[in-house]
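A.B. asks: Give me a 3D structure for the following:
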Amino acid sequence: MKELIRRSIESLENPQLVVTEEQLDKLARFAQNLAEHGVERGLTALSQPEDIVRELIVDSLGAMPFISAGQRVADLGSGAGVPGIPLAIVRPDSFFIMVESQTRKANWIEEQILELGLQSLAHALPMRIEDVAHSDNWRGKLDLVVAKALSSLPSLVELSLPLLKVNGALLAYKGIKVQEEIEQAANALDKLHGKVEEGFTYALDGRQRAICVVRKLRATPKTYPRRTGLPQHNPL
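C.D. replies: Numbering: from 1, shown residues only. Below you'll find the predicted structure:
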C-alpha cells in the first residue's frame, strides 16, 4: 500500500503535495484497514488496493494545499473518514471534526483515529449536518469545510457556509462538471453570501478532478440550513 500511495502522489507532479515517511506509513495503514474491512462494514464499495489508494487516499489529499497550521476543519458526511482522516494525517497542525450521522460509520472513524494516533487532532461527530450547523458549539466557528462525494454544490453551500467563520471557505471535491455545478449554485451563493474563488484542478490516473473553493463573505442568515433533508432533496 505504501508504495502504491507514494507512486500515485508522485504521478500528480505537484510540489505542494509533500508527505513524510511517517505520514505515508499512516496513510498506508488506513488504506489497508479499508481494504480489509471497508466492504464488510458497509463503508465503501471499493475493494481493490489501487482503487482505494486512488479514490480514498490520494484524491483526499487534493485539499491539502489549502489547509494551514492551526485551522479548524469539518469533513461533512465523512463516511469511512474520507477525506478527513487522510488530511488529518498530512496536516497534523490543524484540528478536524468528521461529521457523520450514521453511528456505525462514526464508530469506525473513531477506531481509525485511535489506531492512527490522531486523537489530539481529530474527532468523529455523530450528528446530522443540519443539526451541527445550528449548534452554538460549531456555527460560525470553523475555518474550512471539506466535502467529498456528498452532494451537489448548491446543497453543499447551504450545509457548509453556516459552519464557517466569515472569510472561511468550503473546499468541495468535484469532477469535470464543476463549472456546471457552479452555475447551478448561483442562487444558493446569493442567499448564503458565498463567492466561488479560483480553485485547484488536477488529473488523477487520467481523470480530471477539481477542488472548488467557496468563500464566505458575510454572516449566514439564521434560517439556513433549512430542516434536515431539504438542502439535498430540494436545493436552493
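A.B. asks: Tell me the helices and strands packed up against the helix or strand harbouring residue 211.
C.D. replies: Element membership of residue 211, judged by DSSP states H and E, is strand 207-216. Judged by 3 or more C-beta pairs under 8 Å, 6 or more residues apart in numbering; DSSP states H and E, the packing partners of strand 207-216 are helix 153-160, strand 164-174, helix 178-184, strand 194-204. Just so you know, the C-beta spots here come from the backbone N, C-alpha and C atoms, and that holds for glycine as well.
A.B. asks: Now do that strand: everything it contacts.
C.D. replies: Residues outside strand 207-216 that contact it (C-beta atoms under 8 Å, 6 or more residues apart in numbering) are 59, 62-63, 66, 153, 156-157, 160-161, 164-176, 178, 181-182, 185, 189, 192-203.
A.B. asks: For it, the averaged confidence score.
C.D. replies: For strand 207-216, mean pLDDT is 93.
A.B. asks: Kindly report the same for stretch 31-44.
C.D. replies: According to the model, stretch 31-44 has a mean pLDDT of 95.
A.B. asks: Residues in contact with it: which ones?
C.D. replies: The contact list for stretch 31-44, computed with C-beta under 8 Å, 6+ apart, reads 1, 4-5, 45-47, 49, 52-53, 56-57, 79-80, 104-105, 108, 112, 115.
A.B. asks: what's the answer for stretch 229-236, then?
C.D. replies: So stretch 229-236 is contacted by 130, 151-152, 154-155, 157-159, 184, 187-188, 191-192, 225 (C-beta under 8 Å, 6+ apart).
A.B. asks: for stretch 181-201, same thing?
C.D. replies: When contacts are defined by C-beta under 8 Å, 6+ apart, stretch 181-201 is touched by residues 62, 65-66, 152-155, 157-158, 161-162, 169-170, 174, 178, 208-221, 224, 235-236.
A.B. asks: Can you flag the buried ones in those?
C.D. replies: Among the contacts of stretch 181-201, those that count as buried by neighbour count (16 or more other C-beta atoms under 10 Å) are 62, 66, 152-155, 157-158, 161-162, 169-170, 174, 178, 209-216, 220, 224, 235-236.
A.B. asks: Helices of the chain, start to end?
C.D. replies: Under the criterion DSSP state H, the chain contains helices at 2-11, 21-37, 49-51, 84-90, 103-115, 129-133, 153-160, 178-184, 186-192, 230-233.
A.B. asks: Which one, of those helices, ends up nearest to residue 142?
C.D. replies: Closest to residue 142 of the helices of the chain is helix 153-160 (C-beta to C-beta; 8.8 Å).
A.B. asks: pLDDT (mean, whole number) over that closest one?
C.D. replies: 97.
A.B. asks: And it, what does it pack against?
C.D. replies: Under the contact definition 3+ C-beta pairs under 8 Å, 6+ apart, helix 153-160 sits against strand 72-76, helix 129-133, strand 142-148, strand 164-174, helix 178-184, helix 186-192, strand 207-216, helix 230-233.
A.B. asks: Please tabulate the ones you listed in TSV, including the columns distance to residue 15.
C.D. replies: Shown next, in TSV, are the helices and strands packed on helix 153-160 (distance: least, C-beta to C-beta, whole Å):
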stretch	distance to residue 15
strand 72-76	22
helix 129-133	34
strand 142-148	21
strand 164-174	19
helix 178-184	23
helix 186-192	32
strand 207-216	16
helix 230-233	37
